[in-house]
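In: Structure of the sequence below:
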Amino acid sequence: MIKVFSAQNFIEVAFWKNYFEQHGILCEIRNEFLGSAAGEVPPIECWPELWLEDERDEVLAKKHLASDPLGEQNIPAWACAFCGEESEGQFSHCWNCEKEKQAMI
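Out: Numbering: from 1, shown residues only. From the prediction side, this is the model:
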């Protein structure tokens, strides 16, 4: 196991955990509930940490950390083939009729 990321904000650590797992990198969050110990323990020691299960994934994980994963979400809008409503590209279902994007034009 190797630590690759730490942040004061748990949401940021959880984001990267989900992102890594979607890319086949197994990891876990440590210190998730240690924030209440801040003051008794140095605050930076209480920050949530992201640890990789396999050290061989370190280079790939650091490459992802240096990237802009939210920038990859610039997917064009699409029109529903059933009702004609337009939805933003990141959505998998039509907001109006709830049909799946795969059935869209």
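
In: Tell me how far residue 30 lies from residue 13.
Out: 9 Å (C-beta to C-beta, to the nearest Å). The C-beta positions use only the backbone N, C-alpha and C, and glycine is treated the same way.

In: Which one's more surrounded, the two?
Out: Each of residue 30 and residue 13 has its neighbours counted (other C-beta atoms under 10 Å); residue 13 has more, 22 against 16.

In: Secondary structure element for that one, which one?
Out: Counting by DSSP states H and E, the element that carries residue 13 is helix 10-22.

In: Tell me which residues of that helix come out buried.
Out: By neighbour count on 16 or more other C-beta atoms under 10 Å, the buried set for helix 10-22 is 13, 16-17, 19-20.

In: Tell me the helices and strands packed up against it.
Out: strand 2-6, strand 27-30, strand 49-52, helix 58-66 (3 or more C-beta pairs under 8 Å, 6 or more residues apart in numbering; DSSP states H and E).
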